[in-house]
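Engineer: For reference, the sequence and a predicted model appear below.
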Amino acid sequence: MIRLLPPHLINQISAGEVIERPSSALKELIENAIDAEAKNIEITLIEGGKRLLSISDDGKGMNKEELFLSVERHATSKLPTDDLFNINFLGFRGEALASIGAVSHLKITTKAEAEETGLSLEVNAGKKSEITPTAHAKGTLIQMRDLFYNLPARLKFLKSDISELLASKEVIYKIALAYPEVSFTLFNEKKKLFFFPKAPSLKERARDIIDASFMENTLDIKATRDGMSLKGFISIPTYTRATSKDQYFIVNGRAIKDKMLYGILKAAYQGLLFQGRFPIAVLYLDIPHQEIDMNVHPAKTEVRFQKEASV
């Protein structure tokens, strides 16, 4: 028998595609903050983000209509036309807040610069509250509490607090490398773990995130071809790691995982490294938007290139 699924179940399924763990939610929320032109982002985690994930920004904020629509499925400010191959924003799918609200206690507090007062909205397991006025500075504060409290089966698959914290730190590292003009602060259990101030250059931000010795053992990369540009830094063959963890590929401002790019980097070092050693790389690839499909993965961590050979 074929039946239509109830709305709450549809929302939970959609949330499962986007929100796998606290770091998945964090990635979506940071991207939204950057799209809102935030220059300072502060993140707080409790129990690795399982009990609380809070992110505050000084971006544009939202008015009442925008706040109401922000938690609706398939509602977005990031896709001004219907062209899915002309994506100029990070969080364009328009499902992050709706997905998070379907599987947690979500509270959004925001204020647009033109508004006299701030606004607050809560979503619990997909059910929205009324929007209420509240005191708030320009920008947005999003608090996600008790992730998967209404999905005990999903909750069991979350890892330890330390593992979830490490996953969130890696998300911040990747986005911070892509946006050196934004400052990032992370608190865990009310203790400040790190502060990345606004950096004057990509190299300074890479120094903050990887280490100073990496920047002293790098080769600068800069090339253009077929309308594409590549820049960044790679380590000299004598400066390596035991894993590939410190290999970052940022395509059109988005940190991605791509087997082809990892394979190309490995091939470039072939014959130059000891077995079991990996180079360090921070590479920025800019490609015309129409030549790349950013919508092949629900969490936007993978892409599809139209001209693979050129890449």
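Structural biologist: Structure received. Numbering: from 1, shown residues only.
Engineer: where exactly do the strands run in the stretch 151-300 of the chain?
Structural biologist: Secondary structure of the stretch 151-300 of the chain (DSSP state E, counting those that start in this stretch): strands located at 183-188, 191-196, 218-225, 228-235, 247-251, 254-256, 281-286, 292-293.
Engineer: out of those strands, which comes closest to residue 108?
Structural biologist: The minimum distance between residue 108 and those falls on strand 183-188, with 19.4 Å, by CB to CB. C-beta coordinates here come from the backbone N, C-alpha and C atoms, glycine included.
Engineer: okay if I get the strands of the stretch 151-300 of the chain as JSON lines plus mean pLDDT, mean neighbour count and distance to residue 137?
Structural biologist: Supplementary listing: the strands of the stretch 151-300 of the chain in JSON lines, determined by pLDDT from 0 to 100; neighbours: other CB atoms under 10 Å; distance: least, CB to CB, whole Å:
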{"stretch": "strand 183-188", "mean pLDDT": "98", "mean neighbour count": "19", "distance to residue 137": "16"}
{"stretch": "strand 191-196", "mean pLDDT": "96", "mean neighbour count": "13", "distance to residue 137": "19"}
{"stretch": "strand 218-225", "mean pLDDT": "94", "mean neighbour count": "12", "distance to residue 137": "39"}
{"stretch": "strand 228-235", "mean pLDDT": "95", "mean neighbour count": "19", "distance to residue 137": "36"}
{"stretch": "strand 247-251", "mean pLDDT": "94", "mean neighbour count": "21", "distance to residue 137": "30"}
{"stretch": "strand 254-256", "mean pLDDT": "89", "mean neighbour count": "19", "distance to residue 137": "28"}
{"stretch": "strand 281-286", "mean pLDDT": "95", "mean neighbour count": "21", "distance to residue 137": "32"}
{"stretch": "strand 292-293", "mean pLDDT": "78", "mean neighbour count": "20", "distance to residue 137": "37"}
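Engineer: Turn these into a markdown table, columns for distance to residue 119.
Structural biologist: A markdown table is the format used below for the strands of the stretch 151-300 of the chain (distance: least, CB to CB, whole Å):
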| stretch | distance to residue 119 |
| --- | --- |
| strand 183-188 | 24 |
| strand 191-196 | 29 |
| strand 218-225 | 45 |
| strand 228-235 | 41 |
| strand 247-251 | 34 |
| strand 254-256 | 29 |
| strand 281-286 | 37 |
| strand 292-293 | 36 |
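Engineer: End to end on stretch 233-251, go ahead and measure it.
Structural biologist: 14 Å (CA to CA, to the nearest Å).
Engineer: Could you verify my assumption that residue 304 touches residue 291?
Structural biologist: No. Under the criterion of CB atoms under 8 Å, residue 304 makes no contact with residue 291, lying 10.0 Å away.
Engineer: So which of those two has more stuff around it?
Structural biologist: residue 291 (15 against 12; other CB atoms under 10 Å).
Engineer: Which residue comes closest to the more buried one once chain neighbours are left out?
Structural biologist: Among residues not flanking residue 291 along the chain, residue 306 sits closest, at 4.4 Å (CB to CB, 6 or more residues apart in numbering).
Engineer: The one you found: what's it in contact with?
Structural biologist: Residue 306 makes contact with 290, 291, 292, 293, according to CB atoms under 8 Å, 6 or more residues apart in numbering.
Engineer: and which of these is nearest residue 139?
Structural biologist: After measuring those against residue 139 - CB to CB - the closest member comes out as residue 292, at 30.5 Å.
Engineer: Please tell me I have it right and the closest one contacts residue 307.
Structural biologist: No. Contact criterion CB under 8 Å: residue 292 and residue 307 do not qualify, at 9.2 Å.
Engineer: residue contacts, the nearest residue to residue 219 once chain neighbours are set aside?
Structural biologist: Of all residues not flanking residue 219 in the chain, residue 234 sits nearest, at 5.4 Å (CB to CB, 6+ apart). Contacts here follow CB under 8 Å, 6+ apart; on that basis residue 234 touches 218, 219, 221, 265, 279, 280, 281, 282, 283.
Engineer: want to throw those into a markdown table with distance to residue 56?
Structural biologist: Putting the contacts of residue 234 into a markdown table (distance: CB to CB, whole Å) gives the following:
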| residue | distance to residue 56 |
| --- | --- |
| 218 | 34 |
| 219 | 38 |
| 221 | 35 |
| 265 | 36 |
| 279 | 36 |
| 280 | 32 |
| 281 | 32 |
| 282 | 27 |
| 283 | 31 |
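Engineer: Farthest pair within those?
Structural biologist: The most widely separated members of these, counting by CB to CB, are 218 and 265 (13.8 Å).
Engineer: measure residue 210 to residue 173 for me?
Structural biologist: Going from residue 210 to residue 173 by CB to CB, to the nearest Å gives 9 Å.
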